[in-house]
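Participant: this one's structure only:
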């Protein structure tokens, strides 16, 4: 009989154990004894109760911090809404571009099917990235990274726009990563993976971006040369990108 | 101070419209909850008071980034957990810089309990509390916070991960390590209780 590990017992003690573990505890006297000891040890730790705080505690805290707070100017709220709208419109435009490019790409595949079948035996061309979308995405990513590099970490007003932009880039980044993976472009995929990590950190920092988080993100970005790599990839995408009009009419370069 | 009857989201809208005092309503509503978790993580009343103030200050400055669909109580709670974690980590760093004193200090805490006059039961209880305090002190800041959130605040693994900014599996491992360490440290008590 395989006994439960301490980890399984701890999971069980906090109500996250598996059904099998629960059944084993009912059948195995040794494990049942160990489990009872664990529960007893844990219940001893329940004695650590915080001291009581009076109802007026909140008032006391408020008085202590009130003078350190500066009232938000109403215009900042408006500005905040504009920032939000800008973020949403970027996301919508991006989604439209990606959708349009995929649609064009599908047609392009259809139109070029016959010539492709005539080349049976030749290596299959790599699945492409939609270069127009990728170029735009890398452009915006580069701008964001440059802003991050030069942002004054103490200037709190700069944090919400950075975070909003990171959020709006995340979705397009996911699409581009997926396409990079499908096309076997490992270099691009690797850069977009690291970009994804940074964007996620910027977008979802609990409590919002603060000076410490910004410094850490700057350090991460600098230490792995992400900005440089994005610049190189953007330049590569631009070189391969045909004139925008023909790209959108004729579909993506595949 | 404004209208005390409004809910958190209304108060936040008022704050962002320039009505600073509306934030006082949020502070009054959530201070005791934050104090409770801050005390449990820091293990120190004065530190916990500081953490509560610090969390509300940080919360105010980040309020523009607060998502309207989120729950303010959960949001500010996470900020407080982070502040408490920072506080414990800072204290740990200071103590490590004078590591030579560490054993003496722990020993001293336990000796103080021993020297207290009173009925046997009270003495034993104080001694146990001192040993428990020392055991909690032996945890890393992340282990301690994860354990407090799991054991005392009844938070799920996912909530712990979100509050500490780590993956749920890492949060689960932190709780495991904490329980294992605490049990090892508290094993001598089993014979006496």
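Facilitator: Ah, there it is. All values reported here derive from a predicted model rather than from experimental measurement.
Participant: and residue B:139, helix, strand or coil?
Facilitator: coil (DSSP: H, G, I helix; E, B strand; the rest coil).
Participant: any idea which helix or strand carries residue A:96?
Facilitator: In this structure, residue A:96 sits in helix A:74-111 according to DSSP states H and E.
Participant: Centre-most residue in chain B?
Facilitator: residue B:41 (2.6 Å; Cα atoms, centre = their mean).
Participant: What distance do you get for that one to residue B:182?
Facilitator: Distance of residue B:41 to residue B:182, given as Cβ to Cβ, to the nearest Å: 15 Å. Where C-beta positions appear, they are placed from N, C-alpha and C, glycine not excepted.
Participant: which parts of the stretch 51-200 of chain A sit against chain B?
Facilitator: A:51, A:53, A:57-59, A:61-62, A:64-66, A:68-74, A:76-77, A:80, A:156, A:159-160, A:163 (Cβ under 8 Å from any Cβ of the partner chain).
Participant: and with 7 Å instead?
Facilitator: Contacts of the stretch 51-200 of chain A with chain B, taken as Cβ under 7 Å from any Cβ of the partner chain, map to A:51, A:53, A:57-59, A:61-62, A:64-66, A:68-69, A:71-74, A:76-77, A:80, A:156, A:159-160, A:163.
Participant: Weed out the non-buried ones from those.
Facilitator: By neighbour count, with 16 or more other Cβ atoms under 10 Å in any protein chain shown, those hold A:53, A:57-58, A:61-62, A:64-65, A:69, A:72, A:76-77, A:80, A:156, A:159-160, A:163 as buried.
Participant: Give me the most central residue, chain A.
Facilitator: Note: chain A centre (Cα atoms, centre = their mean) maps to residue A:200, 2.6 Å.
Participant: helix or strand for that one, which one?
Facilitator: Going by DSSP H and E, residue A:200 is part of helix A:186-203.
Participant: buried residues in that helix?
Facilitator: For helix A:186-203, by 16+ other Cβ under 10 Å, it's A:188, A:189, A:191, A:192, A:194, A:195, A:196, A:198, A:199, A:201, A:202, A:203.
Participant: circling back: which ones among the residues of the stretch 51-200 of chain A next to chain B are found in helices?
Facilitator: A:57-59, A:61-62, A:64-66, A:74, A:76-77, A:80, A:159-160, A:163 (DSSP state H).
Participant: Tell me the spacing between residue B:53 and chain A.
Facilitator: Noted for residue B:53: a distance of 5 Å to chain A, by Cβ to the nearest Cβ, to the nearest Å.
Participant: Could you report the neighbour count for that residue?
Facilitator: Per other Cβ atoms under 10 Å in any protein chain shown, the neighbour tally for residue B:53 reads 20.
Participant: likewise residue A:205?
Facilitator: Quick note: residue A:205 (other Cβ under 10 Å) scores 21 neighbours.
Participant: I am assuming it contacts residue A:212, so please confirm or correct that.
Facilitator: No: using Cβ atoms under 7 Å, residue A:205 is not in contact with residue A:212, being 9.9 Å away.
Participant: Could you list the low-pLDDT ranges of chain B?
Facilitator: Applying pLDDT under 70 to chain B flags the ranges B:1-5, B:98-125, B:190-193.
Participant: where do the helices sit along it?
Facilitator: In chain B, the helices defined using DSSP H lie at B:8-16, B:22-42, B:45-61, B:72-97, B:102-115, B:120-137, B:141-147, B:157-164, B:168-192.
Participant: just those helices: most buried one?
Facilitator: Comparing these by mean neighbour count (mean count of other Cβ atoms under 10 Å in any protein chain shown), helix B:141-147 ranks first with a mean of 25.
Participant: tell me what that helix is packed against?
Facilitator: helix B:72-97, helix B:157-164, helix B:168-192 (3 or more Cβ pairs under 7 Å, 6 or more residues apart in numbering or on different chains; DSSP states H and E).
Participant: one step back: now the buried residues of helix A:186-203 in CSV, with distance to residue B:87 and pLDDT?
Facilitator: Below are the buried residues of helix A:186-203 laid out as CSV (distance: Cβ to Cβ, whole Å; pLDDT from 0 to 100):
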residue, distance to residue B:87, pLDDT
A:188, 43, 84
A:189, 40, 83
A:191, 37, 84
A:192, 37, 86
A:194, 32, 82
A:195, 33, 85
A:196, 32, 84
A:198, 27, 83
A:199, 29, 83
A:201, 23, 80
A:202, 25, 82
A:203, 26, 80
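Participant: Pick the one among those residues closest to chain B.
Facilitator: Using Cβ to the nearest Cβ, residue A:201 is the member of those that lies nearest chain B, at 9.3 Å.
Participant: Name the helix or strand for the closest residue to that closest one other than its chain neighbours, please.
Facilitator: Computed as Cβ to Cβ, 6 or more residues apart in numbering or on different chains, the closest residue to residue A:201 that is not its neighbour in sequence is residue A:217, at 6.0 Å. If you go by DSSP H and E, residue A:217 is part of helix A:211-223.
Participant: could you give the mean pLDDT of the helix or strand just after that helix?
Facilitator: Reading on from helix A:211-223 to the C-terminus, the next helix or strand found by DSSP H and E is helix A:226-240. Helix A:226-240 shows a mean pLDDT of 76.
Participant: Good, wrapping up.
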